[in-house]
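>>> give me a 3D structure for the following:
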Amino acid sequence: MIDESLVAKVSSLSPADRLELIGMVWDSLSPDDLNVTDAERALLDARLADMEAHPDDQSPWPEVKARLERLTR
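So this is what the prediction gives:
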């Protein structure tokens, strides 16, 4: 269980700092820490193959983010 004082400290951070912390925690995980089912792995492999087969169908993150922001206004 996570210590409540740690949760309080994290909650007091700015949104930007919390996002940075999320990235740092994510980067601290190894592939062995991530439990992926066979079905999830198959889906990820299929999506990766589609991305590699159709590179022109992909959108860079800033464009995707801008579209999402427009949709959620």
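>>> can you say which helix or strand has I22 in it?
Secondary structure from DSSP states H and E places I22 in helix 15-27.
>>> next one: D50 from S28, what distance?
Distance, D50 to S28, by C-beta to C-beta, to the nearest Å: 30 Å. Any C-beta I mention is one placed from the backbone N, CA and C, and that applies to glycine too.
>>> who has more neighbours out of the two?
D50 (11 against 8; other C-beta atoms under 10 Å).
>>> outside of the helix or strand harbouring that one, which residues touch it?
If you go by DSSP H and E, D50 is part of helix 38-53. Residues from elsewhere that reach helix 38-53 (C-beta atoms under 8 Å, 6 or more residues apart in numbering): 36, 57-58.
>>> repeat that for 10 Å
With contact meaning C-beta atoms under 10 Å, 6 or more residues apart in numbering, helix 38-53 is reached by 34, 36-37, 57-58.
>>> tell me how far it lies from the chain's centre.
16 Å (C-alpha atoms, centre = their mean, to the nearest Å).
>>> which parts of it are buried?
Buried residues in helix 38-53, counted by 16 or more other C-beta atoms under 10 Å: none are found.
>>> re the thing from before, out of the contacts of helix 38-53, which end up buried?
Neighbour counting with 16+ other C-beta under 10 Å marks none of those as buried.
>>> pLDDT averaged over the helix holding I22, what's the number?
For helix 15-27, mean pLDDT is 96.
>>> give the other helices and strands that that helix contacts.
helix 4-11 (3 or more C-beta pairs under 10 Å, 6 or more residues apart in numbering; DSSP states H and E).
>>> right, I'll leave it there.
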